[in-house]
Structures are given as structure tokens and as C-alpha cells.
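[1] Sequence first, then the predicted structure:
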Amino acid sequence: MPSRMEHAMEIVMFTFHKFAGNKGYLTKEDLRLLMEKGFPGFLENQKDPLAVNNIMKDPEQCRDGKVGFQSFFSLIAGFTIAHKTIS
């Protein structure tokens with residue numbers, strides 16, 4: 001039986017692949033949809049409306065319009081840190 005952390009990682013991987021489909025990366029539109037569906041509470045309740053925009057503008061995230069899993073995972077870490085900072 002997986003630990004809670006392993007289960008959380010499985011959910012992150014599953015969610016990425018659900019929105020990426022067979023192409024193996026997220027487009028900016030895929031990422032926008034994933035954020036709206038996966039983080040509705042965070043997006044609605046954040047105190048700094050620019051936090052999401054600043055993270056999304058990170059050149060590492062959407063440099064070529066494609067977000068691979070590693071960049072997606074970094075993005076999720078950024079959202080986690082931003083949420084902790086602004087809560």
C-alpha cells in the first residue's frame with residue numbers, strides 16, 4: 001500500500017498525463033484548464049492575484065509553449081510555496 005506521499009505523487013503524475021494526453025506535454029491552454037480544475041480554491045482565495053501570473057511567466061515553465069512533467073512539477077512547487085506565503 002503506498003504512503004500518503006506516494007499517493008500524492010501518483011495523483012500529480014496522473015493529473016499531468018490526463019491533461020497532456022498522448023503528446024506528453026501541456027500546452028498553455030492545457031495548463032490553464034488544469035489550473036482551473038485542479039486548483040480552484042487556491043486561485044479563488046489567493047490574496048496576491050499576481051502570484052499565479054508571476055509563476056506562469058517563469059521562462060522555465062512555458063519557454064516554447066510546452067510544459068513537460070519536470071517543469072509542471074516545478075510549477076506545482078511554486079504554487080505550493082506561493083500558497084504558503086500568501087495564506
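    Done, it's in. Residues are numbered from 1 along each chain as shown.
[2] Tell me the spacing between the nearest residue to Tyr25 once chain neighbours are set aside and Phe16.
    Spatial nearest neighbour of Tyr25, chain neighbours left out: Lys66 (4.2 Å); criterion: C-beta to C-beta, 6 or more residues apart in numbering. From N, CA and C alone the C-beta is placed, and that goes for glycine too. Taking C-beta to C-beta, to the nearest Å as the measure, Lys66 and Phe16 are separated by 13 Å.
[3] which stretches of this structure have low pLDDT?
    Confidence mapping of the chain against pLDDT under 70 gives the ranges 43, 45-63, 83-87.
[4] got the residue ranges for the strands in it?
    Per DSSP state E, the chain carries strands over the ranges 26-27, 66-67.
[5] so how far is Glu29 from the residue nearest to Tyr25?
    In terms of C-beta to C-beta, Lys66 sits 11 Å off from Glu29.
[6] what about these two, which has more around it?
    Lys66 (16 against 10; other C-beta atoms under 10 Å).
[7] Kindly state the beta-bridge partners for the residue nearest to Tyr25.
    With beta bridges defined as DSSP bridges, Lys66 has these partners: Thr27.
[8] Am I right that it is in contact with Leu31?
    No. Assessed by C-beta atoms under 8 Å, Lys66 is found out of contact with Leu31, at 9.7 Å.
[9] ok so, going back, same list (the strands of the chain) but as a markdown table, adding distance to Met5.
    What follows is the strands of the chain, written out as a markdown table (distance: least, C-beta to C-beta, whole Å):
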| stretch | distance to Met5 |
| --- | --- |
| strand 26-27 | 23 |
| strand 66-67 | 23 |
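[10] quick revisit: ok, now which ones touch the residue nearest to Tyr25?
    Residues in contact with Lys66 (C-beta atoms under 8 Å, 6 or more residues apart in numbering) are Tyr25, Leu26, Thr27.
[11] any idea which of these has the most stuff around it?
    That'd be Leu26 among the contacts of Lys66, by other C-beta under 10 Å, with 27 neighbours.
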